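Novice: this one's sequence-less:
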Ligand SMILES: NC(=O)c1ccc[n+]([C@@H]2O[C@H](COP(=O)([O-])OP(=O)(O)OC[C@H]3O[C@@H](n4cnc5c(N)ncnc54)[C@H](O)[C@@H]3O)[C@@H](O)[C@H]2O)c1
Ligand SMILES: O=C(O)C[C@H](O)C(=O)O
């Protein structure tokens, strides 16, 4: 018997990430090749954006996806999030050349307060929320705080792009396949302060740290390359990463819903105080996922270098949180 369709809300649906994301959701890459979906698409109430959204929907129609059970265009989060089982909050103002993420904090805080409130009122009580729009961790925090009747654990931020970027850099360095690398994680904020940590990583059972054996490369090449990759893409393309961001969003949701089969993945999740991260801060952590739930990998040793890097990214998140405190 075929499965009942689930509702997937996507904001910023006419944007460049939306364009790289919706077709993959509709083809079953995110929730499984047997899971019909109803897309509830949100764009700003602006003629041009709504017209562009209609165009994307025409293309979705033209794909004749067997799993696409329905599709709606919205300009109000209160209708877009009605009964939604999954919410991918992508819509936000992207950073342009030379702009700091912090500059976007206030404008985006207003968007995510309103969307958090709408989720609180109308979404499924089990809605799984992924925030992609930057600054993703703090936007997820704002949405979570604005939705007090929903479980905190259902609000997550996307660190998976950083995780995937780190995987590729490591694979290139040691001449391995990304698929063979396990137990990598990225701690902290989706920003240049993130700490991609390969101390526990293995490739075909061997220690990645031992194979690399080069702390100078870690500190001066690897971490800056991964941390500044978003800016490097903007510099090269004149636009922020879209296809790789959409791909990471698919990876994040797919693993959350369908399970990581024992493998570590990185998710930005609300802290319960583990590793000294204050409660409620949305922080990149290593997790495993099973039966629609994530479980933090606890008890990992944190050496002095890692402690320093974790403190740096935590301080940035604390500053971002202080910057929006008056709005909550
Ligand atoms: N977390 C990550 O790893 C990651 C990676 C890449 C990009 N991003 C972020 O994702 C966001 C989207 O990027 P993009 O390239 O698709 O941008 P884009 O400008 O192409 O598209 C954003 C879309 O969101 C819409 N939008 C704006 N405010 C909205 C609102 N309140 N409700 C609904 N829709 C709204 C806009 O009209 C636009 O169509 C940006 O904030 C970007 O910085 C995050
Ligand atoms: O840095 C940005 O604004 C874009 C995005 O977050 C990225 O990491 O590519």
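Specialist: Structure's in. What do you need? Remember, predicted model here, so these are calculated numbers, not experimental data. Ligands and ions are numbered 1, 2, ... in the order given.
Novice: for ligand 1, what is the nearest residue in the stretch 51-200 of the chain?
Specialist: residue 91 (2.7 Å; CB to the nearest ligand atom). (C-beta placed from N, C-alpha, C; glycine too.)
Novice: contacting residues around that residue?
Specialist: Contacts for residue 91 were tallied using CB atoms under 8 Å, 6 or more residues apart in numbering; they are 11, 12, 13, 15, 18, 42, 43, 44, 111, 133.
Novice: kindly report the same for residue 116.
Specialist: 142, 143, 144, 145, 146, 147.
Novice: what about the helix or strand that contains it and ligand 1, touching?
Specialist: Assigned by DSSP states H and E, residue 116 belongs to helix 105-122. Yes - counting by CB under 6 Å from any ligand atom, ligand 1 is contacted by helix 105-122 at residue 111.
Novice: same question for that helix, mean pLDDT?
Specialist: The average pLDDT within helix 105-122 is 94.
Novice: now look at that helix and say if it contacts ligand 2.
Specialist: No - using CB under 6 Å from any ligand atom, helix 105-122 stays clear of ligand 2, with a minimum separation of 11.4 Å.
Novice: in terms of pLDDT, where does the closest residue to ligand 1 within the stretch 1-150 of the chain sit?
Specialist: With CB to the nearest ligand atom as the measure, residue 15 is the residue of the stretch 1-150 of the chain nearest to ligand 1, at 2.0 Å. Residue 15 is assigned 97 on the pLDDT scale.
Novice: and it, how many residues sit next to it?
Specialist: Residue 15: 23 surrounding residues under other CB atoms under 10 Å.
Novice: tell me how many other residues crowd residue 68.
Specialist: 21.
Novice: for it, report the pLDDT, please.
Specialist: 98.
Novice: what's the burial count for the nearest residue to it once chain neighbours are set aside?
Specialist: With sequence-adjacent residues excluded and distances taken as CB to CB, 6 or more residues apart in numbering, residue 68 is closest to residue 26, at 4.5 Å. Neighbour count for residue 26, taken as other CB under 10 Å: 22.
Novice: how much space between residue 26 and residue 70?
Specialist: As judged by CB to CB, to the nearest Å, residue 26 and residue 70 stand 11 Å apart.
Novice: do residue 288 as well
Specialist: 33 Å.
Novice: of the two, who's got more company?
Specialist: residue 288 (17 against 11).
Novice: which bits of the protein sit near ligand 1?
Specialist: So the chain meets ligand 1 at 11-12, 14-18, 42-44, 49, 90-92, 94-95, 111, 132-134, 136, 158, 161, 190, 240-242, 245 (CB under 6 Å from any ligand atom).
Novice: do a quick rundown of the helices in the stretch 51-200 of the chain.
Specialist: For the stretch 51-200 of the chain, applying DSSP state H, counting those that start in this stretch gives helices covering 77-80, 105-122, 136-145, 160-174.
Novice: among these, which is the most enclosed?
Specialist: helix 136-145 (a mean of 28; mean count of other CB atoms under 10 Å).
Novice: which residues outside that one are in contact with it?
Specialist: Under CB under 8 Å, 6+ apart, the answer for helix 136-145 is 89, 92, 105, 108-109, 111-113, 115-116, 119, 129, 131, 133, 150, 152, 155-159, 188-190, 268, 270, 280-284, 317, 320-321, 323-324, 327-328.
Novice: give me the angle between the helix holding residue 116 and helix 136-145.
Specialist: Per axes from the mean of the first three to the mean of the last three CA atoms, to 10 degrees, the angle that helix 105-122 makes with helix 136-145 is 40 degrees.
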